[in-house]
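Peer 1: structural data only, the sequence is not supplied:
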């Protein structure tokens, strides 16, 4: 019983002291102490494009705003309309990252849609064997088939197909 009373008194004292002078602080907020650094959004957060989103394993991804376009006749698969994204993967990990491991999927109204390769318009997806060294970034363009009318599109990414968690990198109407 004695311990409970002492603990309650200590909590009351701490609460009173914490409130004293809280409105006046000589220390600037943390965001004013350090230079502005672009930080990755936490895994699972949704973005409309542009912000870095953490993928895990020291990787982050930035996705542009969507660009709706009509694929050329050489696009595969054929589609009446597609939506393209510029993506940048940043490696802040300790080891090189092979971007061909990146698993990107898109859904339109909860239905999976196919990635469209239209090299004529610059949408070639992830190709090649180049690795992203620690501290470096790589930019590429991907596109997904969408219906001719406006639709809700959600794009998710995983650092590799076996990753347990998929991170939403775009969620919006296109």
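Peer 2: The structure has been received and is ready for your questions. This structure is a prediction, so every number in the text was calculated from the model and none was measured. Residues are numbered from 1 along each chain as shown.

Peer 1: so where do the strands sit in this structure?
Peer 2: Applying DSSP state E to the chain gives strands spanning 52-56, 59-63, 67-69, 81-91, 103-108, 111-113, 115-116, 137-146, 152-158, 167-173.

Peer 1: what strands line up against the third one, and which way round?
Peer 2: In other words, strand 67-69. If you go by DSSP bridges, strand 67-69 pairs up with strand 81-91 (antiparallel).

Peer 1: do the fifth one as well
Peer 2: Using DSSP bridges, the strands paired with strand 103-108 in its sheet are strand 111-113 (antiparallel), strand 152-158 (antiparallel).

Peer 1: center of this structure, which residue is that?
Peer 2: Ranked by distance to the mean C-alpha position of the chain (CA atoms, centre = their mean), the top residue is residue 53 at 2.7 Å.

Peer 1: adding distance to residue 97 and mean pLDDT, write the strands of the chain out as a markdown table.
Peer 2: In this view, the C-beta of every residue, glycine as well, is placed from N, C-alpha and C. Formatted as a markdown table, the strands of the chain follow (distance: least, CB to CB, whole Å; pLDDT from 0 to 100):
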| stretch | distance to residue 97 | mean pLDDT |
| --- | --- | --- |
| strand 52-56 | 10 | 91 |
| strand 59-63 | 6 | 95 |
| strand 67-69 | 26 | 96 |
| strand 81-91 | 5 | 96 |
| strand 103-108 | 13 | 96 |
| strand 111-113 | 25 | 96 |
| strand 115-116 | 20 | 97 |
| strand 137-146 | 9 | 96 |
| strand 152-158 | 13 | 95 |
| strand 167-173 | 15 | 93 |
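
Peer 1: highest mean neighbour count out of those strands?
Peer 2: Highest mean neighbour count among the strands of the chain (mean count of other CB atoms under 10 Å): strand 59-63, with a mean of 24.

Peer 1: could you give the angle of that strand to strand 81-91?
Peer 2: Comparing the axes of strand 59-63 and strand 81-91 via axes from the mean of the first three to the mean of the last three CA atoms, to 10 degrees yields an angle of 150 degrees.

Peer 1: can you add distance to residue 62 and give the strands paired with strand 103-108 back as JSON lines?
Peer 2: As requested, the strands paired with strand 103-108 are arranged in JSON lines below (distance: least, CB to CB, whole Å):
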{"stretch": "strand 111-113", "distance to residue 62": "22"}
{"stretch": "strand 152-158", "distance to residue 62": "11"}
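
Peer 1: out of these, nearest to residue 174?
Peer 2: Checking these against residue 174 by CB to CB gives strand 152-158 as the closest, at 5.0 Å.

Peer 1: who's in contact with that closest one?
Peer 2: If you take CB atoms under 8 Å, 6 or more residues apart in numbering as the criterion, strand 152-158 is touched by 53, 55, 61, 63, 66, 83, 85, 102-109, 144, 146, 165-174.
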